[in-house]
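K.L.:
Fold the following, please.
(one chain, ligands or ions: 2)
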Amino acid sequence: MPSFNSVAVIGAGAWGTALAGVAVRAGRDVVLYARSAESATRMTSSRQNPRLPGTQLAANLEITNEIAQAARAEIILIATPAQHLREAMTALAPHLKKATPVVACAKGIEHGTHKFMTEVIAATAPDATPAILSGPSFADDVARGLPTAVTLAAQDEGLARALVQALGSSTFRPYHSTDIRGVEIGGAAKNVLAIAAGIAVGRKLGASAQAALTTRGFSELARLGLACGARTETLVGLSGLGDLILSCSSLQSRNFALGIALGRGAPPPKGKLAEGVFTAPVLIELAASQNIDMPVSQAVAAILGGAITIDAAIEGLLTRPFKAEG
Ligand SMILES: NC(=O)C1=CN([C@@H]2O[C@H](COP(=O)(O)OP(=O)(O)OC[C@H]3O[C@@H](n4cnc5c(N)ncnc54)[C@H](O)[C@@H]3O)[C@@H](O)[C@H]2O)C=CC1
Ligand SMILES: O=C(CO)COP(=O)(O)O
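P.N.:
Ligands and ions are numbered 1, 2, ... in the order given. Sure, this is the predicted structure:
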């Protein structure tokens, strides 16, 4: 099993900064890459990141604006938004050493190409080794050192284990897997379903409806996952059901919070990345291409796209024909 000592995190937003802290806690040499030279300089002197208020950056965390410096690390974690992954990888790829593990930490599916996160990595850096990290984990919780568990998948089980050893600690517990596709489908779909759960809460449909929507949401996530080759144990694990439960029930979730605002007819929270908005149209295109019925995700995509009102979408879901559970 390889052993790794250095980690670079690309993307100095909330999640990238929290993950950089994780790697420091695990005892690695860590560099955090910020795209803007100005924010790299500011973070270096203030030891704060406005995207993660209240978190003191570790004294030994290096912050850089030089992509070539970041590319020298033995492990790369990419924590940009999903739709920015290709751009970040394109800048990084020419500097990477062969076979460097590049771990996708974003949750989404690429517009236009329908590519999952590790597929974008493989397309932009064919000599790198893609992996994925996903699970129920708010950046703020992770940055505060609260206990969290996630799934970390790579095609090669030995590599997945080695990445877990390099990043894991008592408060950040990755479970290793080789089911890359299962991990990335769970992370992408849960954001769309969290918007639906938020809408139900914002519309005051009640706790029972919230539980029913979350469960039926899981059912469609699992249908798509299985059609795409994911394993059941992944779909019911941390990166699937675990993250879905968190995001469909916690006000900390930006996707859930967006749904609540929509349900109330209030303006969406400002300056907050809600990946489900970008994932919804691609997710339903992907589902259609696999002949998979995803009524809840379809309703979210139609609401976000302005094709249907929230009331009409709710009516549509409630009047679907009765059928066997599954
Ligand atoms: N915030 C959270 O609690 C969690 C977020 N995630 C996922 O992580 C991803 C990022 O989310 P956040 O960090 O919360 O968003 P954010 O909006 O706080 O930060 C995104 C960062 O990416 C940077 N960025 C954008 N394009 C870039 C590029 N080409 N090169 C380098 N940096 C670039 C931006 O400058 C910004 O600093 C999303 O896919 C999200 O779903 C996953 C787990 C937890
Ligand atoms: O992915 C997350 C928790 O696992 C963060 O959720 P939001 O992006 O909805 O805030």
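
K.L.:
thought I245 was touching G217?
P.N.:
No: between I245 and G217 there is no contact under Cβ atoms under 8 Å: 10.4 Å. In this view, the C-beta of every residue, glycine as well, is placed from N, C-alpha and C.

K.L.:
ok, the two, which is more surrounded?
P.N.:
G217 (24 against 16; other Cβ atoms under 10 Å).

K.L.:
Looks like the more buried one contacts A196 (just checking).
P.N.:
Yes: with contacts counted by Cβ under 8 Å, G217 reaches A196, the gap being 6.2 Å.

K.L.:
Identify the contacts common to the two.
P.N.:
Between them, G217 and A196 share these contacting residues under Cβ atoms under 8 Å, 6 or more residues apart in numbering: 296-297.

K.L.:
who in the stretch 201-326 of the chain is up against ligand 1?
P.N.:
Contact residues, the stretch 201-326 of the chain versus ligand 1 (Cβ under 6 Å from any ligand atom): 273, 275.

K.L.:
at 8 Å what do you get?
P.N.:
Within the stretch 201-326 of the chain, the residues that sit near ligand 1 (Cβ under 8 Å from any ligand atom) are 252, 254, 272-273, 275.

K.L.:
Show me these that map onto helices.
P.N.:
254, 275 (DSSP state H).

K.L.:
Which two of the residues of the stretch 201-326 of the chain next to ligand 1 have the greatest separation?
P.N.:
Q252 and E275 (14.5 Å; Cβ to Cβ).

K.L.:
which of those two has more neighbours?
P.N.:
E275 (23 against 13).

K.L.:
what residues are up against that one?
P.N.:
81-82, 106-108, 188, 191, 255.

K.L.:
Narrow the residues you listed to those in helices?
P.N.:
188, 191, 255.

K.L.:
Let me have these in JSON lines, extended by neighbour count, distance to T232 and pLDDT.
P.N.:
As requested, the ones in helices among the contacts of E275 are exported to JSON lines (neighbours: other Cβ atoms under 10 Å; distance: Cβ to Cβ, whole Å; pLDDT from 0 to 100):
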{"residue": "A188", "neighbour count": "27", "distance to T232": "18", "pLDDT": "98"}
{"residue": "N191", "neighbour count": "29", "distance to T232": "21", "pLDDT": "98"}
{"residue": "N255", "neighbour count": "28", "distance to T232": "24", "pLDDT": "98"}
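
K.L.:
I'd like to know how far A125 sits from ligand 2.
P.N.:
24 Å (Cβ to the nearest ligand atom, to the nearest Å).

K.L.:
Not counting sequence-adjacent ones, nearest residue to that residue?
P.N.:
Distance criterion Cβ to Cβ, 6 or more residues apart in numbering; nearest residue to A125, sequence neighbours excluded, is A93 at 4.0 Å.
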